[in-house]
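**Student:** Output the structure for:
(2 chains)
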Amino acid sequence: GNSVTQMEGPVTLSEEAFLTINCTYTATGYPSLFWYVQYPGEGLQLLLKATKADDKGSNKGFEATYRKETTSFHLEKGSVQVSDSAVYFCALKGTGGFKTIFGAGTRLFVKA
Amino acid sequence: EAGVVQSPRYKIIEKKQPVAFWCNPISGHNTLYWYLQNLGQGPELLIRYENEEAVDDSQLPKDRFSAERLKGVDSTLKIQPAELGDSAVYLCASSSGTSEDTQYFGPGTRLTVL
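**Tutor:** Predicted coordinates:
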């Protein structure tokens, strides 16, 4: 079945550091890929998405590229801020389907 | 525009007691989801509604869990009786109705079973 694997946290960075959170997936066909973010005390929010190979999703300085050849969708940001501290979830949804499969989440701490 | 509303935010009960969670989705959203999120894990789908119809409840443990969405708007998820292993966060989400639509999540209800 479909699955998502993302790097374990926590990840601790200093402000303005470069961020990478790795995500790989297993799926049949051509799934859509997502990154969600969960800030403390809040619900999950969609951060970015990509629906086909080589698409790049971007939002709030974050970006991720759908790499079918490596089945990956790594999240990157060039310069993190303290306000980026949150839990980040990689997720996929099969073609035409409603069921979203989430990774375990990666907690990010950014120090001032 | 109000987001997805859930209540209560926190609930502590003793095992074998019943518990219920309530969700009000974003106005106009036909699709409603209930997810279970264990500590340190991602959300896992329990049930999905299209209007008042449960179209995917394959992951709902039906011996103790039940859900309803009688008028196709707000929804209730119930556990009876609760077990220690049910301690988790229960998330509700909604979307407009097609598979391409973004899901909007509520803040969740954190359940602790003692």
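**Student:** Bridging across strands, which residues link to the nearest residue to residue B:44 once chain neighbours are set aside?
**Tutor:** Sequence neighbours aside, residue B:36 is the residue nearest to residue B:44 in space, at 5.2 Å (criterion: C-beta to C-beta, 6 or more residues apart in numbering or on different chains). Just so you know, the C-beta spots here come from the backbone N, C-alpha and C atoms, and that holds for glycine as well. When bridges are called by DSSP bridges, residue B:36 pairs up with residue B:44, residue B:90.
**Student:** is it true that residue B:36 touches residue B:90?
**Tutor:** Yes - here residue B:36 reaches residue B:90: they are 6.2 Å apart, a contact under C-beta atoms under 8 Å.
**Student:** For chain B, what is the nearest residue in chain A?
**Tutor:** residue A:102 (2.9 Å; C-beta to the nearest C-beta).
**Student:** what about that residue, neighbour count?
**Tutor:** Number of residues near residue A:102 (other C-beta atoms under 10 Å in any protein chain shown) recorded here: 21.
**Student:** Against residue B:45, how distant is it?
**Tutor:** Noted for residue A:102: a distance of 9 Å to residue B:45, by C-beta to C-beta, to the nearest Å.
**Student:** got it, and residue A:57?
**Tutor:** 22 Å.
**Student:** for residue 87, what are its contacts?
**Tutor:** No chain in the question, so chain A it is. A:9, A:37-38, A:105-108 (C-beta atoms under 8 Å, 6 or more residues apart in numbering or on different chains).
**Student:** try chain B instead
**Tutor:** Residue B:87 neighbours (C-beta under 8 Å, 6+ apart): B:111-113.
**Student:** Ok, residue A:41 next?
**Tutor:** Contacts of residue A:41 by C-beta under 8 Å, 6+ apart are residue B:107.
**Student:** Now the buried members of the contacts of residue A:87.
**Tutor:** Buried subset of the contacts of residue A:87 (neighbour count, 16 or more other C-beta atoms under 10 Å in any protein chain shown): A:9, A:37-38, A:105-106, A:108.
**Student:** which among the residues you listed are in contact with chain B?
**Tutor:** By C-beta under 8 Å from any C-beta of the partner chain, the members of these lying near chain B are residue A:105.
**Student:** and the buried ones among the contacts of residue A:87 as CSV, adding distance to residue B:13?
**Tutor:** What follows is these, written out as CSV (distance: C-beta to C-beta, whole Å):
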residue, distance to residue B:13
A:9, 30
A:37, 30
A:38, 24
A:105, 26
A:106, 31
A:108, 33
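**Student:** Perfect, I'm done here.
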